[in-house]
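Novice: Could you look at this predicted model? Sequence included:
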Amino acid sequence: MPFDRHRNRATAIAHRAVRLRCPRCGQTPLFRGWFSMARECALCGLVFERAQGYFVGAIYINYAVSSVIAPVVLPLQPELLASDRVLGEPRTMNGDLARTANCGGCGRIVARHANRGGIGGDAASPPMFTVSSPPIFIAKACRPGITLLVAALVLATVAPAVAYEEIVVKDGGTLGGHVKFAGTPPTLEPLPVNKNRDVCGDRKASEALVVGTDGGVRGAVIFLEGVAKGKKPTGEVLLDNHKCLFVSHVTATTVGTKARVKNSDGILHNTHGFLAKVTVFNLALPNRDQMIDITKRLTKPGVVRVLCDAHPHMFAWMIVHDSPYVAVTDEHGVFKIDSIPAGTYKVTMWHEGFRPKGVDKDGRPTYDEPRTITKDVTIAPNGAATLDFELR
């Protein structure tokens, strides 16, 4: 229904805003650090535009001051906070009139008409606001400074990000489809190997774009947005340094799902993962069959670019999603996601860039920006939906 679709979209947008994620795809973080904003989304390529300097500064000051003061001030009784110039009233009041009182400084009526469900009105006007949460104390003051402090405390009580909840999905549906290349795909030049050629060989095929004879695209990632509750993640991810390539070239996982990096070669590999420009893991694997668990290092959703610091021709991608509703297309471009709670969702297809742009200062191949396509889909109870994507 249209109402459900708009509500789901509003929920998804609010979820991204609270988590400080890209407003378009909701996956990558807006900030690289406390005072460093990302230039663009590594997943969908959206350029992040900065607000005016004075506005950004005000946000940081408000956040810093509120974060420090709120935990100290909120538990205090209002009388301790501002003595006789602030009146404390229980936030939940029942009955015709819990208490009517005057400010000790200006004599203004502070609280009245509790039976109307609010605080701060007078005999002829409705309450200034209504509250219904567990009992804490609300301060109503006449001094501008205290009013600003109270406003800052209110702004500081922003709801935290909602974590994914595992439930038993009843009457879940499935989503399947294909990712195909439209037209003639470009021919990618092999990647020269400049180290350990006795093991790696002289060249390796580029896996930035792999198209089958039927036009299916391997290595595209499909994920559902805004799924707060659903199935339990299953399986694990293994990123293998095998014959001087990362296998698989594209993997997808969920925050908290087991993930490991392995070296199947008898030479040193240094597997280095980046979320935007921030290092997520940096692992030296000098021994054959050496394996390192990286589960606890994948704490944030986003697109992790994986490089081998020892071999510039090696690169891969790991998509970390906030729910297990994610899949990678096979050699025929086919994907399937099951046990989806009934509802309407945004579904995004991601694929790495594949148009060559040359090499960087370290001799690594570079390509254009990743592609993303987003569509709507409705999953009926026990239903099966199909969604196809075209890559160009």
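Specialist: Arrived safely. Numbering: from 1, shown residues only.

Novice: pLDDT below threshold where in the stretch 101-250 of the chain?
Specialist: 101-162 (pLDDT under 70).

Novice: So which residues of it form helices?
Specialist: 144-156, 197-200 (DSSP state H, counting those that start in this stretch).

Novice: so Leu239 bridges to which residues?
Specialist: Val261 (DSSP bridges).

Novice: and it, what does it touch?
Specialist: Residues counted as contacts of Leu239 (C-beta atoms under 8 Å, 6 or more residues apart in numbering) are 246-248, 251, 259-262, 271, 306, 316, 318. For the C-beta atoms, the positions are set from N, CA and C on the backbone; glycine is no exception.

Novice: What of Asn241?
Specialist: Neighbouring residues of Asn241 by C-beta under 8 Å, 6+ apart: 247, 261-265, 269, 271, 285, 308, 314.

Novice: run the last query once more with 7 Å
Specialist: By C-beta atoms under 7 Å, 6 or more residues apart in numbering, the contact list for Asn241 reads 262-265, 269, 271, 285, 308.

Novice: That one - nearest residue in space that isn't next to it in sequence?
Specialist: Sequence neighbours aside, His269 is the residue nearest to Asn241 in space, at 4.1 Å (criterion: C-beta to C-beta, 6 or more residues apart in numbering).

Novice: Which one (most neighbours) among the contacts of Asn241?
Specialist: Compared across those, His269 has the highest neighbour count, 27 neighbours, by other C-beta atoms under 10 Å.

Novice: any idea of the pLDDT on that one?
Specialist: Per-residue pLDDT puts His269 at 98.

Novice: That one touches Lys262, doesn't it?
Specialist: No: applying C-beta atoms under 7 Å, one finds His269 not in contact with Lys262, separated by 9.5 Å.

Novice: Helix, strand, or coil at Asp376?
Specialist: When classified by DSSP: H, G, I helix; E, B strand; the rest coil, Asp376 comes out as strand.

Novice: Run through the residues that contact the closest residue to Gly176 other than its chain neighbours.
Specialist: Counting by C-beta to C-beta, 6+ apart, Lys336 is the residue found nearest to Gly176 once chain neighbours are left out, at 4.3 Å. Residues touching Lys336, when contacts are defined by C-beta under 7 Å, 6+ apart, comprise 174, 176, 327.

Novice: same deal with Asp362?
Specialist: Residues touching Asp362, when contacts are defined by C-beta under 7 Å, 6+ apart, comprise Pro312.

Novice: gap between it and Phe181?
Specialist: Using C-beta to C-beta, to the nearest Å, we find Asp362 at a distance of 29 Å from Phe181.

Novice: Next: Ser339.
Specialist: 29 Å.

Novice: hey, what's Val211 bridged with?
Specialist: Taking DSSP bridges, one obtains Val217 as the residues bridged to Val211.

Novice: What values do phi and psi take at the nearest residue to Leu285 once chain neighbours are set aside?
Specialist: Nearest residue to Leu285 in three dimensions, chain neighbours excluded: Asn263, at 3.7 Å (C-beta to C-beta, 6+ apart). Taking degrees, to the nearest 10, you get phi -120, psi 110 for the backbone angles of Asn263.

Novice: hang on, Asn263 packs against Ile292?
Specialist: No: counting by C-beta under 7 Å, Asn263 sits too far from Ile292 to count as a contact (8.9 Å).

Novice: Please report how far Asp388 lies from Arg24.
Specialist: As for Asp388, its distance to Arg24 is 21 Å (criterion: C-beta to C-beta).

Novice: sorry, back to before: of the contacts of Asn241, just say which sits nearest to Ala14.
Specialist: Taking C-beta to C-beta as the measure, Ala14 lies nearest Thr271 of the contacts of Asn241, at 36.1 Å.

Novice: Among the contacts of Asn241, pick out the one closest to Ala38, please.
Specialist: The shortest separation between Ala38 and any of the contacts of Asn241 is 23.1 Å, and it belongs to Thr271 (by C-beta to C-beta).

Novice: distance of that closest one from His313?
Specialist: The span separating Thr271 from His313 equals 14 Å under the rule C-beta to C-beta.

Novice: what do you get for Ser339?
Specialist: 39 Å.

Novice: So for these two, which residue has more residues nearby?
Specialist: His313 (21 against 17).

Novice: Report pLDDT for the more buried one.
Specialist: Looking at His313, its pLDDT reads 96.

Novice: which is the next helix or strand following the helix or strand encompassing Phe335?
Specialist: When elements are defined using DSSP states H and E, Phe335 is found to belong to strand 334-340. Of the helices and strands lying after strand 334-340 in sequence (DSSP H and E), the nearest is strand 343-351.

Novice: and the angle for that next one with strand 334-340?
Specialist: Taking axes from the mean of the first three to the mean of the last three C-alpha atoms, to 10 degrees, strand 343-351 and strand 334-340 form an angle of 150 degrees between their directions.

Novice: quick one: average pLDDT of strand 343-351?
Specialist: Computed over strand 343-351, the average pLDDT equals 98.

Novice: how about it as CSV, C-alpha atoms only?
Specialist: Output for strand 343-351, consisting of C-alpha atoms alone and laid out as CSV, is shown next (Å, rounded to 0.1, in the frame of the first residue of the first chain):
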residue,chain,number,x,y,z
GLY,A,343,6.6,-5.8,3.4
THR,A,344,7.9,-3.3,0.9
TYR,A,345,11.6,-2.7,0.7
LYS,A,346,14.3,-0.8,-1.2
VAL,A,347,16.6,-3.2,-3.0
THR,A,348,20.0,-2.1,-4.1
MET,A,349,22.4,-3.7,-6.6
TRP,A,350,26.0,-2.7,-6.1
HIS,A,351,28.9,-3.5,-8.5
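
Novice: list the helices and strands the helix or strand following that strand packs on?
Specialist: For strand 343-351, the succeeding helix or strand toward the C-terminus, using DSSP H and E, is strand 356-359. Strand 356-359 is packed against strand 365-367, with contacts defined by 3 or more C-beta pairs under 7 Å, 6 or more residues apart in numbering; DSSP states H and E.

Novice: All good on my end, thank you.
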